[in-house]
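S.K.: No letters, just coordinates:
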């Protein structure tokens, strides 16, 4: 990977990190409000649960972006964490924070792969519960 490509990915990742940081400022949606009407209370609770789920997903994505920036600094950016093969440039263009090549990511999504992907599997299974 050339230095100009690294600089381009760094700019993309920095922009995504700034976008995610702005999303964390919208936490007023998770405030607990009291209401006399039980139906209104249930609606507010459902909206709050949805907002908490969104914040959870933002936090995970933020961590993935920070990890990608750390890999860039360490010189390991663009190398799959699972198989140590180079991640395709088109995948990095679409998902600059990608930590796995397409083949390994598909295996992780199917529930296969090594223990390195365990946090990602755990987040995906918990986000399904949050969305339900």
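M.R.: Yes, it's here. The shown structure was predicted, so the numbers you read here are calculated from the model rather than taken from an experiment. Numbers count the residues shown, from 1 in each chain.

S.K.: Show me which helix or strand of the chain is least confident by mean pLDDT.
M.R.: The weakest-scoring helix or strand in the chain, judged by mean pLDDT, DSSP states H and E, is helix 118-131 (a mean of 40).

S.K.: Tell me the buried residues in the biggest helix by length in the chain?
M.R.: What stands out as the longest helix in the chain, according to DSSP state H, is helix 38-74. By neighbour count with 16 or more other C-beta atoms under 10 Å, helix 38-74 contains the buried residues 44, 51, 53, 55, 58, 60-62, 64-65, 68-69, 71-72. All C-beta atoms are positioned from the backbone trio N, CA, C, and that covers glycine.

S.K.: quick one: low-confidence parts of this protein?
M.R.: 24-33, 113-132 (pLDDT under 70).

S.K.: which residue is nearest the middle of it?
M.R.: residue 61 (2.0 Å; C-alpha atoms, centre = their mean).

S.K.: and residue 35, what helix or strand is that in?
M.R.: Assignment of secondary structure by DSSP states H and E places residue 35 within no helix or strand.

S.K.: so it sits right up against residue 44, yeah?
M.R.: Yes - under the criterion of C-beta atoms under 8 Å, residue 35 makes contact with residue 44 at 6.5 Å.

S.K.: relative to its centroid, which residue of the protein is most remote?
M.R.: Computed with C-alpha atoms, centre = their mean, the most peripheral residue in the chain is residue 36, at 37.4 Å.

S.K.: How many residues are close by residue 7?
M.R.: Residue 7: 11 surrounding residues under other C-beta atoms under 10 Å.

S.K.: Residue 12 - nearest residue in space that isn't next to it in sequence?
M.R.: residue 96 (4.5 Å; C-beta to C-beta, 6 or more residues apart in numbering).

S.K.: Helix, strand, or coil at the one you found?
M.R.: coil (DSSP: H, G, I helix; E, B strand; the rest coil).

S.K.: I'd say it and residue 11 touch.
M.R.: No - contact criterion C-beta under 8 Å: residue 96 and residue 11 do not qualify, at 9.4 Å.

S.K.: out of these two, which sits in the busier spot?
M.R.: Between residue 96 and residue 11, counted using other C-beta under 10 Å, the more crowded position is residue 96 (22 against 11).
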